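S.K.: What shape does this take:
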Amino acid sequence: MSEGVDYSGCPAEPPRVPQLFPDTWSFSKEPSNLETAVYGNEVMFHPVYAFGTAGIRGARQLTASSIVYWDTRVCQNLFGTSIMFGVGTKHAAVRTAIMDFTAA
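M.R.: Okay, the predicted model is just below:
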């Protein structure tokens, strides 16, 4: 595991899906996006405090034949009324205005 991400509230290893094979996924982070911290193929959203909606763009495009999954961990207490996980198009906003909590 990455040294930069605190997984103290999570199991040591994610569950394995025996039919699928691990892949190294990389992410393209915009320099102005302070809502995400990228550590290799791991991303931490809101590393300090949630100031708005945050997203990250993968470096590869999904295709019609893509079969992929991501291990999504929520390891700390969550506050708020809306939590979303999802996949968007290349036109999806990866960061909205400060204190704007909306679907990307």
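S.K.: burial measure for Ala92, as a count.
M.R.: 12 (other C-beta atoms under 10 Å). (Each C-beta comes from the backbone N, C-alpha and C, glycine too.)
S.K.: Quick check on it: phi, psi?
M.R.: phi -70, psi 140 (degrees, to the nearest 10).
S.K.: Am I right that it is in contact with Thr53?
M.R.: No - counting by C-beta atoms under 8 Å, Ala92 stays clear of Thr53, with 10.4 Å between them.
S.K.: Low-confidence ranges, the chain, go.
M.R.: Across the chain, the ranges flagged by pLDDT under 70 are 1-17, 19-22, 80-82, 95-104.
S.K.: where exactly do the strands run in it?
M.R.: With strands called from DSSP state E, the chain shows them at 27-28, 36-39, 42-45, 57-58.
S.K.: ok, the second one: who's next to it in the sheet?
M.R.: What it means is strand 36-39. strand 42-45 (antiparallel) (DSSP bridges).
S.K.: repeat for the first one
M.R.: Strands flanking strand 27-28 in the sheet, each with its direction: strand 57-58 (antiparallel) (DSSP bridges).
S.K.: Same question for stretch 35-47: list its buried residues.
M.R.: Going by neighbour count (16 or more other C-beta atoms under 10 Å), the buried part of stretch 35-47 is 35-38, 42-44.
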